[in-house]
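Student: Using only what follows, build the 3D model:
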Amino acid sequence: MKEDELNDRYTGTKFTVIHCKGAIDSYRAALKKVGARQQKKFTTAIILQIQRLVDGGRMTKENFPQEGYLPKRKGQHNAKKFNALKRIPIRGYCWLSQWHKDTYFISHYIYKKRNKLNESDTNRVRTNWSRIEENGDEC
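Tutor: Numbers count the residues shown, from 1 in each chain. The predicted model follows:
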């Protein structure tokens with residue numbers, strides 16, 4: 001894969017990041033809405049954010065905000081949250097796995113200019129979460 005394209009998996013000194021089925025395709029679709037001259041810049045910025053995350057680097061609330069709630073597990077008091085890798089106007093929704101040690105899964109990417117989380121994005125993250133965390137289906 002070329003240096004300026006997303007990989008399926010990134011492994012660093014602290015975490016692994018895995019793209020779920022269809023996540024890279026959703027990134028390409030979101031990227032088409034960005035000006036042609038900006039596409040390489042956005043891809044490089046997203047890759048750098050992923051590399052910072054896998055190496056345990058500092059992630060700010062601005063570029064890695066908590067976005068919404070994952071489903072509760074049986075016996076769990078509080079639902080865990082999922083995050084967004086944020087490079088305006090593109091976001092990649094992800095969660096830290098409870099079953100796969102030190103692994104983040106990126107559900108999908110969207111093109112989005114406003115801050116409000118859409119229910120369809122929450123549902124998409126939850127569907128991927130359930131498939132992986134509850135049903136054991138790898139990405």
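Student: just checking, residue 47 touches residue 6?
Tutor: Yes - counting by CB atoms under 8 Å, residue 6 is a contact partner of residue 47 at 6.7 Å. (Each C-beta comes from the backbone N, C-alpha and C, glycine too.)
Student: So which elements touch the lengthiest strand in the chain?
Tutor: Ordering each strand of the chain by length in residues (DSSP state E) puts strand 103-111 first. Identification of packing neighbours for strand 103-111 by 3 or more CB pairs under 8 Å, 6 or more residues apart in numbering; DSSP states H and E yields strand 16-19, helix 23-31, strand 90-96, helix 119-129.
Student: winner for burial among these?
Tutor: strand 90-96 (a mean of 23; mean count of other CB atoms under 10 Å).
Student: Show me what that strand is in contact with.
Tutor: Residues outside strand 90-96 that contact it (CB atoms under 8 Å, 6 or more residues apart in numbering) are 15, 17, 23, 27, 30-31, 34, 42, 46, 67, 70, 80-85, 103-112, 121, 124-125, 129.
Student: Kindly supply the ChimeraX command isolating those of these that are buried.
Tutor: Of the contacts of strand 90-96, the buried ones go into a single ChimeraX selection, burial set by 16 or more other CB atoms under 10 Å:
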select :15,17,23,27,30,31,34,42,46,67,70,80,82,83,84,85,103,104,105,106,107,108,109,110,111,112,121,124,125,129
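Student: If you count neighbours, what's buried in the top helix by length along the chain?
Tutor: Of all the segments of type helix in the chain, defined by DSSP state H, the longest one is helix 39-54. Across helix 39-54, burial judged by 16+ other CB under 10 Å covers 42-43, 46-47, 49-50, 52-54.
Student: okay, the angle between that helix and helix 23-31?
Tutor: 140 degrees (axes from the mean of the first three to the mean of the last three CA atoms, to 10 degrees).
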